[in-house]
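J.: only geometry, no sequence info:
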């Protein structure tokens with residue numbers, strides 16, 4: 001028999017106390033571990049304001065907003 005196995009068989013109480021100490025330390029550590037299911041996250045955002053005086057909303061959408069969305073959508 002190897003020396004570790006012989007030690008475990010001969011010193012059962014010592015091994016039991018070591019296992020209980022590891023379980024106790026693990027339980028205390030787990031209870032103090034901060035766990036957050038939904039951490040605070042901030043997503044990057046860019047705002048672009050388009051202004052085309054004297055033009056209706058449909059023209060601004062087709063002439064300015066849609067081309068800008070196509071270009072800025074890749075960023």
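T.: Good, I have the coordinates. Since this is a predicted model, take the numbers as computed values, not measurements.

J.: per-residue confidence for residue 14?
T.: As predicted, residue 14 sits at a pLDDT of 94.

J.: what's the answer for the one 10 residues further on, then?
T.: For residue 24, the pLDDT comes out at 98.

J.: Could you tell me which helix of the protein is the longest one?
T.: Counting residues, the longest helix in the chain under DSSP state H turns out to be helix 12-32.

J.: Most distant residue from the centre of the protein?
T.: The C-alpha centroid of the chain is most remote from residue 54, which lies 48.0 Å away (CA atoms, centre = their mean).

J.: Kindly indicate whether that one is helix, strand or coil.
T.: With DSSP: H, G, I helix; E, B strand; the rest coil as the basis, residue 54 sits in coil.

J.: For it, grab phi and psi.
T.: With angles defined as degrees, to the nearest 10, residue 54 sits at phi 80, psi 10.

J.: Likewise for residue 44?
T.: According to degrees, to the nearest 10, residue 44 has phi -70, psi 140.

J.: re the thing from before, now do the contacts for the residue farthest from the centre of the chain.
T.: With CB atoms under 8 Å, 6 or more residues apart in numbering as the criterion, no residue contacts residue 54. For glycine as for every other residue, the C-beta is placed from the backbone atoms N, C-alpha and C.

J.: before we move on, the earlier item: contact partners of the longest helix of the chain?
T.: 7-8.

J.: That one: which residues count as buried?
T.: Judged by neighbour count (16 or more other CB atoms under 10 Å), helix 12-32 contains no buried residues.

J.: which outside residues touch the very next helix or strand once past that helix?
T.: For helix 12-32, the following helix or strand on the C-terminal side (DSSP states H and E) is helix 57-60. Applying CB under 8 Å, 6+ apart, the contact partners of helix 57-60 are 50, 52.

J.: any idea how far helix 57-60 is from the chain center?
T.: In terms of CA atoms, centre = their mean, to the nearest Å, the centre of helix 57-60 is found 42 Å from the chain centre.
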